[in-house]
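> take a look and give me a structure for this.
(chains A and B)
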Amino acid sequence: MTPHFLTVEALKKVYPASGEKSNPPVFEDIHFHIEKGEFICIVGHSGCGKTTILNVLAGLEEASAGNVIMDGREVKGPSLDRGVVFQGHALMPWMTVLANVAFAVSSKWPDWPKDKVREHCTRFLTMVGLGHALDKKPAELSGGMKQRVGIARAFAIQPKMLLLDEPFGALDALTRGTIQDELLKIVQATHQTVFMITHDVDEAILLADKILLMSNGPGARIAEIVEVTMARSRTRAGIHHDPQYYKIRNHLVDFLVNRSETYSGAEAEMFHDSKNPPLVQPGLEGERAPVFTLTTEKGISQALHAKHAINQ
Amino acid sequence: MKSESIKAALLSVIIFLTFIGAWYIATLPRDNGPVSTADAEYAALMGKGAEKSGGFPAPGKVGQAFVEHLADPFYDKGPNDKGIGIQLAHSLGRVGLGFLLATLVAIPVGFAIGMSPLLFKAFNPFIQVLKPISPLAWMPLALYSLKDSSVSGIFVIFICSVWPMLINTAFGVASVRRDWINVARTLEVRPLRKAFLVILPAAAPTILTGMRISMGIAWLVIVAAEMLVGGTGIGYFVWNEWNNLALPNVIFAVVMIGVVGMLLDLAFGSLQKLVTYRE
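The predicted model follows:
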């Protein structure tokens, strides 16, 4: 087995029930891996445990079973190796923008002198277009600017992996677009490994190399992995001219609207192999014939499964 | 906005003048016919003579007391005759000391209780039982075990200030936004740094509210405590002047208590403003 940068094995989460009977697991049998420099998005309906998975990767929450291995080491508890951008910006309102980022930077490099910390923070804040707002308090910033500070804070500690929990969920469409562009630029420049939750299909296609599709909870699994086969040098303005774009988009929307339900339950038991969820490339699909990488002995069942899914 | 505050100030002045006016009219010397001889004799016996008018002092009398006391607030002519400034300083000293001790205990303990649900559950019954006890109820125990009236006063202030601060600190610390704690966790911030740079500033407004409440209670309690303990202080002054039946002085002291209490509250209010953050 080739060592992946990050491997998630048999992850499962059950929340303790209040009464006598036990809760069904939110998700179980989650297997996936991430290579260095990859941008992974995870898409699924509310309640399938996306945020929980991200928190487990971050080390903020413990899974009920399974484990996460990053860079050869098991993830146990939070670490400076993984930067997190939270759903709400999570800036400390009593600190200025600069102080917020400096707090992170001096946590990572406690020995750095003040000047160096300041210079480093300023560089990252300038990168997200906030060079002019260093001494403002978060309350004086718009929602989009706050989220940018959050992104700068996560990038500034130069983590091995970046975890983004629906970072643009609370923003209006215009602001979201601008920040997506910025994120895209930064990620393309830094080759940062990213794991991101999103509800926005277009956002996922724009940013991701691979999109993990989750079936509905409880008992959610990774139903399939969609590879975004378009060239990485995408732009928000040009992406929808790519012939692959609508194929991928239709595939994703189709999944979310029609198929996410059927992936759990008896059918999933029969056809689905959670350890190797089918990898599909809808962008390269000709006449709706999916391309598979049949690397395992389970490949045939995958093919069967996919056919079934398509015929629906 | 500005014109409104001018109007409000004007209205305040009118209310004040109305009050003084009503007071003046209510205390006008009434002609109740000839004073009976028995009363006159009694008055002479008491050494007050005809000057004793009886009844509530008129505003003029009280104003006179104000002028006299404020003209020389720091004189000291023996144990029973000290200027109002000295009396207030004694009270403020006791309150300050008791309050400081309470802060030193309540904030660290509150921090610990707020951080640990286990400690919170363990401490909670004691806090709930001790909190509603009137601070003056501790007085006999304090006097017996501390054997010093002045120290007992400080103890009473301590015990009454400790609860609001403790509870507010615990509450403030326990309800720091999960997100901020998570940020600190993902940054592997050391516990002490986390306590001082994240939790303390996040909980500071709540803690300061507790301190403000405590200070208010302490200032209420010190007057009563000093009436019991005696010796010095504004509470003792009130009691002493009551025994002298010098009501103008009592009224003067009452107003002073109010003014100082207001100043204390204002001070804590501005401290609170200093640590409050806008989200």
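
> confidence score at residue A:237?
pLDDT recorded at residue A:237 is 83.

> and the residue lying closest to residue A:88 once chain neighbours are set aside, which of the three is it?
Taking C-beta to C-beta, 6 or more residues apart in numbering or on different chains, and ignoring the residues beside it in sequence, residue A:88 has residue B:179 as its nearest neighbour in space, at 5.9 Å. Every residue, glycine included, has its C-beta placed from N, CA and C. Of the three states, residue B:179 takes helix under DSSP: H, G, I helix; E, B strand; the rest coil.

> run a quick neighbour tally on residue B:179.
Neighbourhood size, residue B:179 [other C-beta atoms under 10 Å in any protein chain shown]: 16.

> who are the neighbours in contact with residue B:223?
With contact set as C-beta atoms under 8 Å, 6 or more residues apart in numbering or on different chains, residue B:223 has these partners: B:91, B:234, B:235, B:238, B:257.

> center of the chain, which residue is that?
Chain wasn't specified; assuming chain A. The residue lying closest to the centre of chain A (C-alpha atoms, centre = their mean) is residue A:196, at 1.8 Å.

> wrong one, I was asking about chain B
Centre-nearest of chain B using C-alpha atoms, centre = their mean is residue B:219, 1.5 Å out.

> skip the chain neighbours and tell me the closest residue to it.
residue B:261 (4.7 Å).

> which bits of chain B sit near chain A?
B:177, B:179-180, B:182-183, B:185-189, B:193, B:197-198, B:201-202, B:204, B:275, B:277-279 (C-beta under 8 Å from any C-beta of the partner chain).

> buried ones among those residues?
Buried members of those, scored by 16 or more other C-beta atoms under 10 Å in any protein chain shown, are B:179-180, B:182-183, B:185-189, B:197-198, B:201-202, B:204.

> and those, which is closest to residue B:9?
residue B:204 (32.8 Å; C-beta to C-beta).

> can you name the element that comes right after the helix or strand harbouring the closest one?
Secondary structure assignment for residue B:204, by DSSP states H and E: helix B:200-229. Going down the chain from helix B:200-229, the next helix or strand is helix B:234-243, by DSSP H and E.

> which strands and helices sit next to that next one?
Helix B:234-243 sits against helix B:84-115, helix B:200-229, helix B:247-275, with contacts defined as 3 or more C-beta pairs under 8 Å, 6 or more residues apart in numbering or on different chains; DSSP states H and E.

> burial count for the residue lying closest to residue A:165 once chain neighbours are set aside?
Closest residue to residue A:165 apart from its sequence neighbours, by C-beta to C-beta, 6+ apart: residue A:87 at 4.7 Å. Number of residues near residue A:87 (other C-beta under 10 Å) recorded here: 19.

> next one: the one 10 residues further on
Counted by other C-beta under 10 Å, the residues lying close to residue A:97 total 25.

> residue B:106 against residue B:159, yeah?
No - between residue B:106 and residue B:159 there is no contact under C-beta atoms under 8 Å: 10.9 Å.

> look at those two and report which has more neighbours.
residue B:106 (27 against 23).

> where's the more buried one relative to chain A, distance?
Distance of residue B:106 to chain A, computed by C-beta to the nearest C-beta, to the nearest Å: 22 Å.

> ok, now residue B:260?
For residue B:260, the distance to chain A - C-beta to the nearest C-beta - is 31 Å.

> which ones are touching that residue?
Residue B:260 neighbours (C-beta under 8 Å, 6+ apart): B:88, B:92, B:219, B:234.

> can you pull the pLDDT of the closest residue to residue B:87 other than its chain neighbours?
Excluding the flanking residues, the one nearest residue B:87 by C-beta to C-beta, 6+ apart is residue B:237, at 4.5 Å. On the pLDDT scale, residue B:237 is placed at 92.

> give the burial count for residue B:237, as a bare number.
29.

> quick one: contacts for it?
Residue B:237 touches B:82, B:84, B:87, B:249, B:253, counting by C-beta under 8 Å, 6+ apart.

> what's opposite the first one in the beta bridge?
Spelled out, it's residue B:82. Note on residue B:82: beta-bridge partners by DSSP bridges are residue B:76.

> and it, what's its pLDDT?
pLDDT, read off for residue B:82, is 84.

> just give me how far stretch A:54-68 sits from the chain centre.
14 Å (C-alpha atoms, centre = their mean, to the nearest Å).

> what sits up against that stretch?
A:6-14, A:25, A:28, A:30, A:42, A:52, A:74-79, A:82, A:84, A:161, A:163, A:165, A:195, A:197, B:182, B:185-186.

> what's the answer for stretch A:179-190, then?
A:39, A:127-129, A:144, A:147-148, A:151, A:155, A:167-168, A:171, A:192, A:194, A:203, A:206-207, A:232-236.

> thanks again, I'm all set now.
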